[in-house]
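Q: test case, fold it:
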Amino acid sequence: GACTRAITADGRRQHWREAVLLAAAMPTMRIQHDVISYNATITTCERHHWQRALQILHSMPGAHIETDVVGSSSCKGGGWQRTLRSFQALMEVGLQADVTCYN
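A: Numbering: from 1, shown residues only. You can find the predicted model right below:
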């Protein structure tokens, strides 16, 4: 929806904080999150604040949003330690790495 497009646009403009604020405000606007809005927020954060991206990834099951490989693989990159943490997060939410993750 419109919020997901705005979150993605914030990411392109390197405004990860605004993207997180918009994502957090979605429930007050009576807009339901889905895996696409979560993935857009994770992708925006992973470029600029990867720890926040991992926090969002971990919050998905509590919001009854099924985690997918797209969001999980967005958290990798930026050095072996960060990539290792991302793969650990992938396993913690019950996903198995595939070719997308290893690429």
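Q: straight-line length of stretch 26-33, end to end?
A: Criterion Cα to Cα, to the nearest Å; first-to-last residue distance in stretch 26-33 is 7 Å.
Q: who touches that stretch?
A: Applying Cβ atoms under 8 Å, 6 or more residues apart in numbering, the contact partners of stretch 26-33 are G1, C3, A23, S37, A63, I65. Using the backbone N, CA and C atoms, a C-beta is placed for each residue, glycine as well.
Q: where along the chain do the helices fall?
A: 2-12, 16-25, 35-48, 50-59, 69-73, 80-92, 99-102 (DSSP state H).
Q: top of the contacts of stretch 26-33 by neighbour count?
A: A23 (24 neighbours; other Cβ atoms under 10 Å).
Q: who are the contact partners of the nearest residue to it once chain neighbours are set aside?
A: Among residues not flanking A23 along the chain, T41 sits closest, at 4.4 Å (Cβ to Cβ, 6 or more residues apart in numbering). When the contact criterion is Cβ under 8 Å, 6+ apart, the partners of T41 are I7, A19, V20, A23, I56.
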